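S.K.: Next come a sequence and a model predicted from it.
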Amino acid sequence: MSTEQKIIYTETDEAPRLATFSFLPIIKAFSDAAGVQVETRDISLAGRILASFPEWLSEDQRIADHLAELGELTQDEAANIIKLPNISASNPQMLAAIKELQGQGYELPEYPEEPQNDAEQDIKDRYDRVKGSAVNPVLREGNSDRRSTKAVKDYAKKHPHSMGDWTVNSKSHVAHMNAGDFYASEISTTMDQDDQLSIVLRTQEGSETLATGIGVSAGEIVDAAFMSKAALCAFYEEQIAKTEDGVLFSLHLKATMMKVSDPIIFGHAVKTYYREAFEKHASVFAELGVDANNGVGDAYDKIQSLPEDQQAEIKADLDECLVKGPDLAMVNSDYGITNLHVPSDIIVDASMPAAIRESGKMWGPDGGLHDMKAVIPDRCYATVYQEVINDCKAKGALDPTTIGSASNIGLMAQKAEEYGSHDTTFEIPRDGQIEVMSASGEVLLVHSVQTGDIWRMCRVKDAAVQDWIKLGVERGRLTGSAVIFWLDENRAHDAQLIAKLHQYLPEHDTSALNISTLKPADATKRSLELMRQGLDTISVSGNVLRDYLTDLFPILELGTSAKMLSIVPLINGGGLFETGAGGSAPKHVQQFEAEGHLRWDSLGEFLALGASLEHLGRVFDNDAAKLLGETLDEAIAEFLDSNRSPSRRVNEIDNRGSHYYLAKFWAEAVARQDKDPSLKQRFAALAERLSASEAQINEELLAAQGEPVDVGGYYAPNPELAAMAMRPSKTLNDAIDSV
């Protein structure tokens, strides 16, 4: 075990990246008093891109592969990492980041959409490794424990967020496939020994090995499933035709995290809705390289290189599809940005809870709220959202002042996969049979597939499952809450997990626990029933549901998922502390650039830092670190109770002001305690200084708002410009820097 007492604070993207320039000096001022060093590592989208191409950059431009470094660190029992939300990049986001970096003087290669040689294929492969969920599988060497703290829950009850009014007449509903989806085709097995697997496609033209050398271990679950292109397109045709007047057609996917499968699923929706325009202009679109997987916005962008009369014709044909088709849900109705414009704009785990909170409505082309048809093609979890809609239609909106909490234990350790985001997901090039084979040539899993089908293989290691079950039991024992394993015996993957649950659960004392296993739809019903009674539940779920549920319930309970405490107890003993979701981060940056007001709420960072200090204190028996963690918890409670979170409006408190108040309350809490006289004395002076300067600091912080701000880049902000923008109060800076 490393003997260094160190917190690694990650530099990520967008609003959290900007907030770090303000909050990190405060963290260091306090942690230094406990002998704890705070270091940063850049795992932003821009940083990951630059780390992938060292030979293309000058010596002073190169950065180390910090993500790989942190991946190694997760194996150390002394690891203590605070991870802020990062961009899980879609293709358009990655292309935008490359362009920005090139404009800053980094001579990066262009992204080759269709590689012509081995060198271009290598470039494409390197960029593709940066896309999607590139960060989380590397860092999450433990399972997820996400819950709201007492202070956060109490605040939500005292200061409830707004909830829309539901009626039994709401036409909002979820539409999903009933055949031909991943759920229907999934098959699964558990390995009886260590092995090396291959994926082979057999066609009339011969055999093609899609992947080989896939190491698996005894007890590991291996799944295979595919989505039929024909069934998907027929489903889209049907749902577009059946959308009622006054109901918005809205697509909900996760084309960022599920970087291989969901952009393709998204693209088929675009081509179906805009069929007439895409068919009429197929040759021009092919010549321009229009890719429906990047959204219809890709077509609007690329036709700008054409003569004006040709542009006008194509744009008119695209717009005509909007007239003939059902009204689309809008991302920004003022600018005509629809639900089908850019795949990264409609992330299901954020978009669906937000719509449900708005009484099942989304924004339409007229700028008003309307009922929606939420199209979620694969049915594995679509039913979860339908059950919440059913519950709200029957019983009205959930009341944040009275409802209980639904926390989550999520299976994600050791790269537990259930995504279409990894390198064993393929768009099938030709009709044939796809086989998963052992090293000895035994066929373990097999599917008959057709051209364009999306096939994936996923894996979950036995040790990860054991740890996941243990965590669920431990949380149930600590809280006394109902523990629900969200598993469907009729789904092949879940059937394997249920078998392991029956195998490993008897190893734990569950005599006093309320444990059940329910399929997702029934688990949703039961959780809502208990929540409406003011009771808490613990959802023990797989990786995708972890992702969805840790937005769904917190957004309904707390108004945002960013206020959740997110701990990943690493299997080897270290700790990874996550800071909530970043789904709103892009809009916050846009507002900051336009009017100098950063709405980002750093509560997630506050909570993660407190848990990080407490964990470090336990590991190293550092009483000062423990004390800083305890007093930070007190400060957070006071911060919430005094309502010092950022306002939505310019010229009111923003992210920087919230950091000031957190520092003030924290210093005061340390100064009040009597356990450590030296810490008491050290921070009494800071507390007095911050309190006496309150009016001056607020005046300086508010004076920095109201005008556009240039920080030198969206994906790669200039450190000096960003620091100036995020630390505009000399009085506050001098006080913090003096500690």
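M.R.: Thanks, I have the structure now.
S.K.: is it true that K373 lies in a helix?
M.R.: No - K373: not assigned to a helix; according to DSSP: H, G, I helix; E, B strand; the rest coil it is strand.
S.K.: Name all residues that make contact with it.
M.R.: S172, H173, A175, Q239, T243, E244, V247, L248, F249, S250, P326 (C-beta atoms under 8 Å, 6 or more residues apart in numbering). All C-beta spots, glycine's among them, are computed from the backbone N, C-alpha and C.
S.K.: give me phi/psi at the fifth one?
M.R.: It stands for T243. Phi and psi for T243, reported as degrees, to the nearest 10, are phi -70, psi 120.
S.K.: again, but for the fourth one
M.R.: As for Q239, its main-chain torsions (degrees, to the nearest 10) stand at phi -70, psi -40.
S.K.: now it, nearest residue through space, not along the chain?
M.R.: Among residues not flanking Q239 along the chain, A175 sits closest, at 5.0 Å (C-beta to C-beta, 6 or more residues apart in numbering).
S.K.: Over to the fifth one?
M.R.: Once flanking residues are discounted, T243 sits nearest to P326: 3.7 Å by C-beta to C-beta, 6+ apart.
S.K.: From the contacts of K373, which land in strands?
M.R.: Of the positions in these, H173, A175, L248, F249, S250 sit in strands, assigned by DSSP state E.
S.K.: Report the contact partners of the last one.
M.R.: Residues near S250 by C-beta under 8 Å, 6+ apart: L328, A329, N339, I346, S351, A355, M362, M372, K373, A374, V375.
S.K.: Can you give me the neighbour number for the residue lying closest to it once chain neighbours are set aside?
M.R.: Nearest residue to S250 in three dimensions, chain neighbours excluded: A329, at 3.5 Å (C-beta to C-beta, 6+ apart). By the measure other C-beta atoms under 10 Å, the count of residues near A329 is 28.
S.K.: Check A329 and give its pLDDT.
M.R.: Note on A329: pLDDT of 96.
S.K.: who's in contact with it?
M.R.: Contacts of A329 (C-beta under 8 Å, 6+ apart): L248, F249, S250, T338, N339, M362, W363, G364, M372.
S.K.: Give me the distance between it and N169.
M.R.: 20 Å (C-beta to C-beta, to the nearest Å).
S.K.: quick one, phi/psi of A89?
M.R.: According to degrees, to the nearest 10, A89 has phi -70, psi 130.
S.K.: Distance-wise, check it relative to L253.
M.R.: With distances taken as C-beta to C-beta, A89 is found 15 Å from L253.
S.K.: the strands in the stretch 501-650 of the chain, which residues?
M.R.: Secondary structure of the stretch 501-650 of the chain, counting by DSSP state E, counting those that start in this stretch: strands at 515-518, 537-541, 565-569, 575-578.
S.K.: Out of those, which is closest to R147?
M.R.: Nearest to R147 among the strands of the stretch 501-650 of the chain is strand 565-569 (5.7 Å), distances taken as C-beta to C-beta.
S.K.: In three-state terms, label Q433 for me.
M.R.: At Q433 the chain is in strand, as set by three-state DSSP.
S.K.: Okay, and the beta partners of it?
M.R.: Q433 has the following beta-bridge partners by DSSP bridges: R202, S448.
S.K.: Surely it touches H447?
M.R.: Yes - with contact defined as C-beta atoms under 8 Å, Q433 reaches H447; the gap is 7.1 Å.
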